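In: after the sequence you'll find the predicted model.
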Amino acid sequence: MKDRAGAFILGCSGPALTAAERRFFAEANPLGFILFARNIKDPAQLRGLTDALRDTVGRNAPILIDQEGGRVQRLNPPHWRPWAPAADQIAAVGPQHAARSMFLRSRLIARELHWMGIDVNCAPLADIARPETHAILKNRCYGTEPGPVAKIARAVADGLLEGGVLPVLKHIPGHGRATVDSHLALPRVKTPMAALEGTDFAAFKALADLPLGMTAHVVYDALDPDRPATTSPEATAFIRKELGFDGFLMTDDISMQALSGDIADRCTAGLRAGCDAVLHCNGNLAEMEAVATASGTLREKGAARAARALARRRPPVPSDIAALVAELDALLGKRRDA
């Protein structure tokens, strides 16, 4: 294995690596990679791309994707199964079957991902939906109360793990109260700490043992009124100490417009705040070069957390996939026919 990997996870520009990307990845040695719809055409092409990405760094690097379902779904028909937004599926099956149906969904998603060489899915969400939750997030959420949300999120994580895919808990410590889209602007949450601890933060605390997590580009006045959680040492300390999350913590996409400063400044701020790695998604080579330079290699604690997380990768548990599909379809149909 090469020297310690870079403290960053990167995208790529298209469905096949360019010569420049191959050279850059080999030199920069990112911890891992993340894929988007622009990188995906069909199963043969995608499997070739995941193999090529790992070849550039000479190791079994983690390859991430956002395959939640609904709007956030990178693998689509005709080659892969379509999925309704999580909130729609949960409403369709009802509270009694919500967790089981989401477990089945995640187990089937994991099967498709694992076949393609993708071993990390950026799910579950433990964000609490509220009346004011921005539409970019609202129907991706699992519910409006921390207990049921944590139970469903646990089922999603379990389904992914059983299918050989690591889950990423997001968006720590909670994005549900945000009323603007953090891709475009910086949300601010003014809710007092006592209310947050009983709602938004509680769902994440119940899931603190998961191996990987992703921060929220949200300012919480109760934690740090001056900086979003991604770049706030106070927020990261709260995530580690009060929520108890000691997994590998990555930023949300560092190129999102919620963050200020240039790309290098954002990377430095996130890592100084206590994130283990920077996530950069758009595949822009000049930006990726800046990310690599600013971020450097994994720090000692980050490298240890990465090793612990990646050690949880396992082959899929043998399952009767046809039976799982039939069970999920029956749950979905049961409520439709009622």
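Out: Yep, it's here.
In: would you list the phi and psi of Thr251?
Out: Dihedral angles of Thr251 (phi, psi; degrees, to the nearest 10) stand at phi -70, psi 160.
In: number of residues surrounding it?
Out: If you count neighbours by other Cβ atoms under 10 Å, Thr251 ends up with 29. To be clear about C-beta, it is placed using only N, CA and C from the backbone, and glycine gets the same treatment.
In: ok, now which ones touch it?
Out: Counting by Cβ atoms under 8 Å, 6 or more residues apart in numbering, Thr251 makes contact with Met214, Thr215, Thr230, Gly270, Cys275, Ala277, Val278, Leu279.
In: let me know the closest of those residues to Ile239.
Out: Closest approach to Ile239 among those (Cβ to Cβ): Thr215, at 7.8 Å.
In: follow-up on the earlier one: the contacts of Thr251 in strands, which ones?
Out: Judged by DSSP state E, the subset of the contacts of Thr251 located in strands is Met214, Thr215, Ala277, Val278, Leu279.
In: now tabulate these in CSV and tack on neighbour count, distance to Pro131 and pLDDT.
Out: Output for the ones in strands among the contacts of Thr251, formatted as CSV (neighbours: other Cβ atoms under 10 Å; distance: Cβ to Cβ, whole Å; pLDDT from 0 to 100):
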residue, neighbour count, distance to Pro131, pLDDT
Met214, 23, 25, 98
Thr215, 27, 24, 97
Ala277, 27, 34, 98
Val278, 30, 33, 98
Leu279, 27, 30, 98
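In: which residues in the chain form strands?
Out: Along the chain, the segments classed as strands by DSSP E run 6-10, 30-35, 63-65, 67-69, 72-73, 120-121, 166-172, 188-189, 212-215, 219-220, 248-253, 277-280.
In: can you show me the helices along the protein?
Out: Taking DSSP state H as the test, the helices found in the chain are 19-28, 43-57, 86-93, 98-115, 135-138, 146-162, 193-198, 200-205, 233-237, 263-273, 285-295, 300-310, 321-336.
In: so which of the ones you listed comes closest to Asn76?
Out: Of all the helices of the chain, it is helix 98-115 that lies closest to Asn76, at 10.8 Å by Cβ to Cβ.
In: now the angle between helix 321-336 and the closest one, please.
Out: 140 degrees (axes from the mean of the first three to the mean of the last three Cα atoms, to 10 degrees).
In: what packs against helix 98-115?
Out: With contacts taken as 3 or more Cβ pairs under 8 Å, 6 or more residues apart in numbering; DSSP states H and E, helix 98-115 sits against strand 67-69, helix 86-93, strand 120-121, helix 146-162, helix 321-336.
In: ok, the closest residue to Pro315 other than its chain neighbours to Ala87 distance?
Out: Spatial nearest neighbour of Pro315, excluding adjacent residues (Cβ to Cβ, 6 or more residues apart in numbering): Gly164 at 5.6 Å. Look at Gly164 and Ala87: by Cβ to Cβ, to the nearest Å, they are 26 Å apart.
In: quick one on the thing from earlier: now render the contacts of Thr251 as TSV, adding distance to Cys141.
Out: Shown next, in TSV, are these (distance: Cβ to Cβ, whole Å):
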residue	distance to Cys141
Met214	15
Thr215	17
Thr230	20
Gly270	24
Cys275	23
Ala277	25
Val278	25
Leu279	21
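In: and of the residues you listed, the nearest to Leu49?
Out: Looking across the contacts of Thr251 and measuring by Cβ to Cβ, the closest to Leu49 is Leu279, at 18.5 Å.
In: tell me what that closest one is bridged to.
Out: Ile9, Asp253 (DSSP bridges).
In: pretty sure it is touching Ile9, no?
Out: Yes: judged on Cβ atoms under 8 Å, Leu279 makes contact with Ile9 at a distance of 5.0 Å.
In: overlap in contacts of those two?
Out: Ile34, Met250.
In: ok, how many other residues are close to the nearest residue to Ala28 once chain neighbours are set aside?
Out: Leaving aside its chain neighbours, Ala28 sits nearest to Ala292 (4.1 Å; criterion: Cβ to Cβ, 6+ apart). Here the number of neighbours of Ala292 (other Cβ under 10 Å) works out to 24.
In: quick one: contacts for Ala292?
Out: Listed by Cβ under 8 Å, 6+ apart, the contact set of Ala292 reads Gly6, Phe8, Phe24, Ala28, Pro30.
In: do Phe201 as well
Out: When contacts are counted by Cβ under 8 Å, 6+ apart, Phe201 touches Pro173, Gly174, Glu242, Leu243.
In: give me the pLDDT value at the closest residue in space to Met256 that isn't next to it in sequence.
Out: Excluding the flanking residues, the one nearest Met256 by Cβ to Cβ, 6+ apart is His183, at 5.0 Å. What the model reports as pLDDT for His183 is 90.
In: next: Pro192.
Out: As predicted, Pro192 sits at a pLDDT of 97.
In: was I right to think it contacts Ala222?
Out: Yes: with contacts counted by Cβ under 8 Å, Pro192 reaches Ala222, the gap being 6.0 Å.
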